[in-house]
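Pasting the sequence and the predicted coordinates here, then a few questions.
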Amino acid sequence: MYPWLDRTGKVSYLKLATFIGVLLPGLWAAFVWSMGQAPQPSGLGTSAMPVTNALHVIGDWSVRFLLITLAVTPLRRLAMWPRVITLRRMLGVTAFAYVAIHLVLYIVQQNYRLLFVASEIALRIYLTIGFVAFVGLLALAITSTDSAMRRLGGKKWQRLHYLAYPLTMLGLAHFFMQSKINVTEPVIMSGCFLWLMLYRLAHRWNNEKPLLAWQLASLAIGAAVLTQLGEAAWYQFATGIGAERIFNAVFDFHHVRPAWWVLGAASAFIPLPWIARRFWAAGRVAARAAVAA
Ligand code: HEM
């Protein structure tokens, strides 16, 4: 079945737009590569090392798509948008596809020397961690079909797919460990992941009831503070730069610290319930009442 069709076989414009969207980073990397250059990570122009840079760009998007996949559930609940769940499988499989391309690019970078690649994966801990994440994501991708879901049964399937959280954590650890001096992007991604975990926990503690605006604001601030603490701790342990210096730099807006990006991303979820009630959920409730009358 084509990814842009819904269960009745009709074209779903939401799925079609998402499908085009998930292809774009890969197509862009392939296009610039075919021109003899490749985009540098984090949009730093282009460089003459196409394979290495494509490896980095695709690696970045692997993590981003994993986080986007995990954000589907909060988005569904807070925006009262049940249809968005139909995108989760496509997004998760996309994340895996990007990781697989990332691995293939590593093999290309190493001139197809498969035994050397295997020994590097076995010997370098950051590659071993990446490989474990790859194998786990492969298991999730294989079991993401309807028939696998039926075979495993709802509960077992769900328990297996909760592995997406620890596997994302492994991907983030790999991201951190291969970073040299600048850990801005892995810190931002880890902060967003932290918010997703905090949201899950808070939703459970709240007896699965919708979280209120003040609760969402507290989660956003909590995730941002923990991100700042984490970044300071990383610099302290990995580089010896005093944690205090990084912590104090939070209000130096020449270089916006990762904690602010995390605060911004997490805050985007706060008005969603209000917007949903104001613009679409009320209409839906009224329509349901009209049908019932
Ligand atoms: C078979 C498993 C994997 C291998 C062999 C592998 C290999 C690599 C290599 C060689 C680098 C570049 C390191 C350097 O230049 O010093 C890298 C970077 C990276 N990898 Fe992987 N990786 C694997 C799995 C993963 C997974 C599972 C993820 C994410 C879910 C991931 C995300 C990243 C990211 C984000 C970067 C950094 C990109 C940047 O510089 O911005 N990798 N990986």
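Cool, got the structure. Note that the coordinates shown come from a computational prediction; the quantities given were computed from them, not determined experimentally. Residues are numbered from 1 along each chain as shown.

what about the strands in the stretch 1-150 of the chain?
For the stretch 1-150 of the chain, applying DSSP state E, counting those that start in this stretch gives strands covering 38-39, 46-47.

Mean pLDDT lowest where, among these?
Among those, strand 46-47 carries the lowest mean pLDDT, at a mean of 56.

so what's Pro271 up against?
Ala213 (C-beta atoms under 8 Å, 6 or more residues apart in numbering). Just so you know, the C-beta spots here come from the backbone N, C-alpha and C atoms, and that holds for glycine as well.

Show the pLDDT at it.
97.

same question, the one 10 residues further on
Listed pLDDT for Ala281 reads 78.

for Tyr235, same thing?
pLDDT, Tyr235: 86.

i'd like the first residue to be 849 from this point on
In the new numbering, first residue 849, that becomes Tyr1083.

do you know how far Ala1129 is from the ligand?
Applying C-beta to the nearest ligand atom, to the nearest Å, the value for Ala1129 to the ligand is 34 Å.

wait, that residue sits on Leu926?
No: counting by C-beta atoms under 8 Å, Ala1129 sits too far from Leu926 to count as a contact (11.0 Å).

Contact distance from the ligand - what residues of the stretch 849-998 of the chain qualify?
Contacts of the stretch 849-998 of the chain with the ligand, taken as C-beta under 6 Å from any ligand atom, map to 889, 903-904, 907-908, 910-911, 914, 947, 950-951, 954, 969, 975, 978-979, 981-982.

how about a cut-off of 5 Å?
Residues of the stretch 849-998 of the chain found near the ligand (C-beta under 5 Å from any ligand atom) are 889, 904, 907-908, 910-911, 947, 951, 954, 975, 978-979, 981-982.

And the furthest pair within those residues?
Using C-beta to C-beta, these reach their maximum pairwise distance at Pro889 and Phe979, which is 20.6 Å.

What residues does Ile916 make contact with?
By C-beta under 8 Å, 6+ apart, the contact list for Ile916 reads Leu939, Ala943.

so what pLDDT did it get?
98.

What confidence value was assigned to Gln1063?
For Gln1063, the model assigns a pLDDT of 97.

My guess is it contacts Asn1054. True?
Yes: counting by C-beta under 8 Å, Asn1054 is a contact partner of Gln1063 at 7.2 Å.

So those two - more neighbours on which side?
For Gln1063 versus Asn1054, neighbours defined as other C-beta atoms under 10 Å are more numerous around Gln1063 (16 against 12).

For that one, pull up the helix or strand it's in.
Using DSSP states H and E, Gln1063 maps to helix 1061-1087.

can you list contacts of the next helix or strand after that helix?
Using DSSP H and E, the helix or strand that follows helix 1061-1087 in sequence is helix 1091-1096. Helix 1091-1096 is contacted from outside by Gln1076, Leu1077, Glu1079, Ala1080, Ala1081, Tyr1083, Gln1084, Arg1105, using C-beta under 8 Å, 6+ apart.

switch the cut-off to 6 Å
Applying C-beta atoms under 6 Å, 6 or more residues apart in numbering, the contact partners of helix 1091-1096 are Glu1079, Ala1080, Tyr1083, Gln1084.

Name the nearest residue to Glu968, sequence neighbours excluded.
In space, and not counting its chain neighbours, Glu968 is closest to Leu975: 5.6 Å by C-beta to C-beta, 6 or more residues apart in numbering.

what's around that neighbour, how many residues?
Neighbours around Leu975, by other C-beta under 10 Å: 19.

now do the one 5 residues further on
Applying the criterion other C-beta under 10 Å, we find 17 residues in the vicinity of Val980.

Kindly report the same for Leu1015.
Look at Leu1015: counted by other C-beta under 10 Å, it has 22 neighbours.

what about it, helix or strand, and which?
Leu1015 belongs to helix 1012-1026, assigned by DSSP H and E.

Hey, what's the angle from the helix or strand following that helix to helix 1061-1087? Just curious.
For helix 1012-1026, the following helix or strand on the C-terminal side (DSSP H and E) is helix 1032-1053. With axes from the mean of the first three to the mean of the last three C-alpha atoms, to 10 degrees applied, the angle from helix 1032-1053 to helix 1061-1087 works out at 140 degrees.

and helix 1032-1053, which residues are buried?
Neighbour-count burial for helix 1032-1053 flags 1033-1044, 1046-1047, 1051 (criterion: 16 or more other C-beta atoms under 10 Å).
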